[in-house]
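Engineer: what follows is a predicted protein model with its sequence.
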Amino acid sequence: MPSSDTTNVLRLSEVSSVELKSLLEKYDLQLIISPLNEAIPGSFWGDEEAGLIHNKVYARLDTPIHSIFHESCHFICMTQARREQLHTNAGGTQDEENAVCYLQLLLCNEIGAITAEKMMGDMDTWGYNFMLGSCRAWFEQDAKDSSQWLIDHKIISNDETPTYLLRQ
């Protein structure tokens, strides 16, 4: 849930849905765009936050990009057994949650209108909570364990390149 003025947070309407859908399809994810005046199916937080049901990520044009990436990365980082039962609440451990945040910062660079810098700022603006006070400080100084988690689960390679594999 947002903690401050979120008017400058990047929204789905500001990026190429074709590029985003293409990236998500590499992970067997489908992006479903709901009408602006309707509730988003599978949204844990409600309002304009992305929703997740099985392999479908639901969003509206006013959904923040960080929310779409976050829910998508939950799908990528969870076990197959959890993916099969997935509806609204992604769950997971703290280590997995940290890996989700790390992965969204890597994957966002694959969409032309998004940079990790912008994603970090949007995550801070929205109220993501990091021990070092900001997403950037966490990513640069305290996230090696998250990178290693992603490597151990074959989600990224040793050089932090996405493998486009789901956690098994």
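Structural biologist: Now that the structure is in, tell me what you want to look at. Numbers count the residues shown, from 1 in each chain.

Engineer: average pLDDT for stretch 99-106?
Structural biologist: Computed over stretch 99-106, the mean pLDDT rounds to 98.

Engineer: now do stretch 150-165
Structural biologist: In this model, stretch 150-165 has a mean pLDDT of 99.

Engineer: off-centre distance for it?
Structural biologist: 16 Å (Cα atoms, centre = their mean, to the nearest Å).

Engineer: so A137 sits in a helix?
Structural biologist: Yes - the assignment for A137 (DSSP: H, G, I helix; E, B strand; the rest coil) places it in a helix.

Engineer: residues contacting G51?
Structural biologist: For G51, the contact set (Cβ atoms under 8 Å, 6 or more residues apart in numbering) comprises 40-44, 57-59, 71, 88. Quick note: C-beta positions are derived from backbone N, CA and C, even for glycine.

Engineer: nearest spatial neighbour of it, skipping sequence neighbours?
Structural biologist: G42 (3.0 Å; Cβ to Cβ, 6 or more residues apart in numbering).

Engineer: how close does the one you found get to F69?
Structural biologist: As judged by Cβ to Cβ, to the nearest Å, G42 and F69 stand 15 Å apart.

Engineer: just to revisit the earlier point, just the ones in strands from the contacts of G51, please.
Structural biologist: 57-59 (DSSP state E).

Engineer: helices of this structure, start to end?
Structural biologist: 17-25, 65-77, 80-85, 94-107, 116-126, 135-141, 144-152 (DSSP state H).

Engineer: in TSV, list those helices along with mean neighbour count.
Structural biologist: As requested, those are exported to TSV (neighbours: other Cβ atoms under 10 Å):
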stretch	mean neighbour count
helix 17-25	16
helix 65-77	26
helix 80-85	12
helix 94-107	21
helix 116-126	20
helix 135-141	18
helix 144-152	17
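
Engineer: N109 reaches K118, doesn't it?
Structural biologist: No - counting by Cβ atoms under 8 Å, N109 stays clear of K118, with 10.2 Å between them.

Engineer: tell me the contacts of the closest residue to D95 other than its chain neighbours?
Structural biologist: Leaving aside its sequence neighbours, D95 sits nearest to W149 (Cβ to Cβ, 6+ apart; 5.6 Å). W149 makes contacts with 95-96, 98-99, 102, as judged by Cβ under 8 Å, 6+ apart.

Engineer: likewise L150?
Structural biologist: 77, 99, 102-103, 156, 160.
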